[in-house]
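Colleague: what's the 3D shape of this:
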Amino acid sequence: MKAEYINPFLESAKVVIEQVVNIRPSTGQLGIKDVKFVEKYVWIQIGMTGQMTGDIVFGLHEEVALKLVSAMMGGFQITEMDELTQSAISELGNMISGNASTMLFNQGVRVDITPPKIVQSATAAGFTPKKALTIPLMIEGIGELDIQVLIT
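Modeller: Next comes the predicted model:
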């Protein structure tokens, strides 16, 4: 797995998050870790096909998701992980991945992305936990969003 695969997703996430919540995220430490599904977490899974195949998974605690969607809605207080909240989080993942796939295309890498899928358990994800290239983004006043790249 090449570290440069994560860069378009990292740059795209920073730009998109800044556009939708008006906060520029800071970057944590790049690493390799096991993808583990934990309680009270929301995962946005986006598949990739083409010259890169695998999944991009965005993970965030439910509290962070609620704060993020609240910020996306101009400060309107969101208090539960309902259909609207899940839709907004899915769209955020879709926007980040769409931007990243355009960046990859401009670098000569042709990829297609699948629609985002909200995942809240390992069995729902359709894959067994494995090692992923991961980088956390810290969004001031909101929390942490993990970007995990599982490219084969």
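Colleague: okay, CA-based contacts and neighbour counts for the rest of this
Modeller: Will do.
Colleague: from what I can see, residue 86 looks like it's in a helix, true?
Modeller: Yes. Counting by DSSP: H, G, I helix; E, B strand; the rest coil, residue 86 is located in a helix.
Colleague: That one: what's its closest spatial neighbour, skipping adjacent residues?
Modeller: Excluding the flanking residues, the one nearest residue 86 by Cα to Cα, 6 or more residues apart in numbering is residue 118, at 7.1 Å.
Colleague: where along this structure do the helices fall?
Modeller: 7-21, 62-72, 83-106, 122-125 (DSSP state H).
Colleague: Could you count how many residues lie near the residue nearest to residue 86?
Modeller: Number of residues near residue 118 (other Cα atoms under 10 Å) recorded here: 20.
Colleague: surely it meets residue 41?
Modeller: No. Counting by Cα atoms under 8 Å, residue 41 is not a contact partner of residue 118; they are 10.4 Å apart.
Colleague: returning to what we had before: from residue 85, how far out is the residue nearest to residue 86?
Modeller: 11 Å (Cα to Cα, to the nearest Å).
Colleague: Residues in a beta bridge with residue 41, which ones?
Modeller: residue 61 (DSSP bridges).
Colleague: which stretches of the protein aren't confidently modelled?
Modeller: 1-3, 36-37, 121-129, 152 (pLDDT under 70).
Colleague: how far away is the residue nearest to residue 113 when sequence neighbours are not counted from residue 27?
Modeller: Once flanking residues are discounted, residue 113 sits nearest to residue 48: 4.6 Å by Cα to Cα, 6+ apart. Residue 48 sits 23 Å away from residue 27, taking Cα to Cα as the criterion.
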